[in-house]
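[1] With the sequence up front, the predicted model follows.
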Amino acid sequence: MAVEIFERLPTLQHLIDLLRDTFEAEVQPSEDVSRVSKTIFSALERKIGVVGNPEPRRLEACSYIESALDTMRLGPPSLNRIAGALLAIEPKLKWYRPTILNRPTDDGYDSIVNAILIGPNGLEQRDDVMIGLTIMGPQTLYPNHQHLPEEIYRVLSEGEWRQNDGPWHEPGLGGTVYNLSNIVHAFRSKSRPLCAIWCLWRADQY
């Protein structure tokens with residue numbers, strides 16, 4: 001059940017503020033990353049959505065959360081602060097397997113989890129913005145997928161990204177990735193668990 005609110009959950013607002021600051025602080029952001037991040041965070045500032053009430057749930061791959069946060073703490077202070085914010089909000093999250101992994105025999109079935117912070121079934125429900133979190137175990141592939149909304153990632157650990165049949169590239173700890181509408185993309189972890197926050201601008205699809 002969703003309840004109308006006029007004040008955002010404080011732990012969620014804190015995470016949004018920290019995430020926005022990382023995009024604003026980039027020295028040479030791409031035009032696309034800058035445009036999408038400004039659009040998303042301006043929308044979040046103008047309007048607060050509806051408070052969701054997802055029942056918290058953990059799955060097998062949640063065992064990698066602490067290790068992923070430890071990796072974040074090795075990065076710049078901005079990532080250390082995000083690690084603290086994620087630790088505070090994680091007990092409220094409902095984790096789920098990506099729908100692309102629909103059988104226990106699929107690679108990564110027990111090694112990948114997502115949680116929605118903002119968006120359908122998230123801590124804050126709204127249709128224009130979707131922000132979520134992915135945790136993956138070591139040496140795991142998040143397979144090719146695509147979606148209509150544009151997307152930006154804040155990469156919080158080691159990992160590699162690919163678009164279409166292009167080469168794999170590593171954004172680096174604290175790096176960004178931009179996926180244009182409907183592009184096929186995938187990512188994979190290396191020797192340590194992967195953690196990334198993804199932000200989608202969904203308003204244009206309605």
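    Structure's in. What do you need? Numbering: from 1, shown residues only.

[2] drop to CA atoms for contacts and neighbour counts, all remaining ones
    OK.

[3] tell me the contacts of the nearest residue to Leu173 once chain neighbours are set aside?
    Leaving aside its chain neighbours, Leu173 sits nearest to Ser157 (4.9 Å; criterion: Cα to Cα, 6 or more residues apart in numbering). The neighbours of Ser157, taking Cα atoms under 8 Å, 6 or more residues apart in numbering as the test, are Ala68, Thr71, Met72, Gly172, Leu173, Gly174, Pro193, Leu194, Cys195, Ala196.

[4] Please look at the fifth one and Glu158 and confirm they touch.
    Read it as Leu173. Yes - between Leu173 and Glu158 there is a contact at 5.9 Å, judged by Cα atoms under 8 Å.

[5] For these two, indicate the residue with more neighbours.
    Glu158 (24 against 20; other Cα atoms under 10 Å).

[6] What strand or helix carries the residue nearest to Leu173?
    Assigned by DSSP states H and E, Ser157 belongs to neither a helix nor a strand.

[7] Which residue ranges of the chain form helices?
    In the chain, the segments counted as helices under DSSP state H are 10-24, 31-46, 65-72, 77-89.

[8] Poorly predicted segments of the protein, please.
    In the predicted model of the chain, residues 1-6, 105, 205-206 satisfy pLDDT under 70.

[9] show me where it has strands.
    In the chain, the strands defined using DSSP state E lie at 3-4, 50-51, 95-96, 112-118, 124-125, 129-136, 141-145, 150-155, 160-163, 176-179, 185-188, 194-201.

[10] thinking Gln146 is in contact with Asn179, fair?
    No - Gln146 is beyond contact range of Asn179, at 9.1 Å (criterion: Cα under 8 Å).

[11] of these two, who's got more company?
    For Gln146 versus Asn179, the count of surrounding residues by other Cα under 10 Å is larger for Asn179: 20 against 16.

[12] Distance check, that one against Pro143.
    15 Å (Cα to Cα, to the nearest Å).

[13] what residues are up against the residue sitting nearest the centre point of the chain?
    Centroid-nearest residue in the chain: Ile197, 2.2 Å away (criterion: Cα atoms, centre = their mean). By Cα under 8 Å, 6+ apart, the contact list for Ile197 reads Ile131, Gly132, Leu133, Thr134, Tyr153, Arg154, Val155, Leu156.

[14] Alright, that wraps it up for me.
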